[in-house]
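>>> The sequence and its predicted three-dimensional model are supplied below.
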Amino acid sequence: MPDRPIKLLTYNVHSCIGSDRKLDPGRIAAVIAETEADIIALQEVDVGRRRTDGIDQAHVIASLLKMQAHFHPALSVAEEKYGDAIITALPTGAVKSGPLPSIGETRGALSVEITVGDRKLLVVNTHLGLRGRERIRQMTTLLNPGWLHGTGQTSLPTVLCGDLNAIPASATYRLAARSLKDAQLAGPGAPRATFPSRYPLMRLDHIFVTGDLVVYRAAVLETRLTRVASDHLPLLAEIGFAGFSAADSLPLKAAVKNDVQRPDDDI
């Protein structure tokens, strides 16, 4: 059993191109390092793409953090890839990746079984589409046992996270919230927006957990660095297994603003 909560971060890194249009994977790694996250779920990661100098961003970021990366290309053309990554220094087991029902740009998901002390945790990372009906189909697929139950016969404590492109008023969000807990609502404090990073207005990035996990804290990290490193702000949560006490946990560092919602096209 771990002696402290696990810190999990979800972050759309925008191909490591900041709001200042500067390409800098090292800056993304610096943002992550500051959080001391144990598990990092990244979206919009480039691997071998000419537009970002052919860098394997998943490997570079993981190397700078002294961690290992699992990468799934939602989009792959010749040697150029673009998709999602899960980075951690914790022991990992079964890995699953695959496409989701998509309209236009192909979307996918990546899940990794991670050993935490004497327990196993399933982390599912995704980046959903831009259309409401498309997102509903994608979320319905992810909520099926094939994704959330892992590879074994019994369900694992599970985190579903990523850029869901869905605000809390949307049908996609409500679908997930029927069976999973929103980390920003489970932890103390009001939920905060994650996009756009300079003037966050929408809560598009989410961490959902199954009922056998406890959320102690969740925070959107808004600093001078996070406002410029990507067009999304990172979302960090401290989670533990049910029955674990986090009395000695340190508070998350965060500077946040009010969350302003807008209508969504989910129907």
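Yep, it's here.

>>> Just give me the neighbour total for Ala190.
9 (other C-beta atoms under 10 Å). (C-beta placed from N, C-alpha, C; glycine too.)

>>> and it, what are its phi and psi?
Main-chain dihedrals, Ala190, degrees, to the nearest 10: phi -80, psi 150.

>>> From Pro5, how far off is it?
According to C-beta to C-beta, to the nearest Å, Ala190 and Pro5 sit 20 Å apart.

>>> In this protein, where is pLDDT below threshold?
1-3, 149-154, 244-267 (pLDDT under 70).

>>> Need the outlier residue of it, farthest from its centre.
Ala78 (26.5 Å; C-alpha atoms, centre = their mean).

>>> Could you pull up the contacting residues of that residue?
Not one residue lies near Ala78 by C-beta atoms under 8 Å, 6 or more residues apart in numbering.

>>> Then Met139?
By C-beta under 8 Å, 6+ apart, the residues touching Met139 are Leu128, Leu164, Ala166, Thr172, Leu175, Ala176.

>>> my read: the second one touches Asp205, true?
Yes. The criterion here is C-beta atoms under 8 Å, and Leu164 meets it with Asp205 at 7.2 Å.

>>> sorry, back to before: and which of the contacts of Met139 is nearest Pro73?
If you rank these by distance to Pro73 using C-beta to C-beta, Leu128 comes first, at 16.4 Å.

>>> The closest one touches Cys161, doesn't it?
No. Taking contacts as C-beta under 8 Å, Leu128 lies outside contact range of Cys161: 11.5 Å.

>>> who does whichever helix or strand Glu113 is part of pair up with?
For Glu113, the enclosing helix or strand under DSSP states H and E is strand 107-116. Note on strand 107-116: by DSSP bridges, its sheet partners are strand 92-100 (antiparallel), strand 119-127 (antiparallel).

>>> List the buried residues in it.
Arg107, Gly108, Ala109, Leu110, Ser111, Val112, Glu113, Ile114, Val116 (16 or more other C-beta atoms under 10 Å).

>>> Let's have those in TSV, adding distance to Gly240.
Shown next, in TSV, are the buried residues of strand 107-116 (distance: C-beta to C-beta, whole Å):
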residue	distance to Gly240
Arg107	30
Gly108	29
Ala109	24
Leu110	23
Ser111	20
Val112	19
Glu113	17
Ile114	14
Val116	9
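
>>> Mind telling me the two of the residues you listed farthest from one another?
Within the buried residues of strand 107-116, Arg107 and Val116 form the most distant pair, 27.8 Å apart (C-beta to C-beta).

>>> Please look at Pro191 and Asp182 and confirm they touch.
Yes. In this structure Pro191 lies within contact range of Asp182 using C-beta under 8 Å: 7.5 Å.
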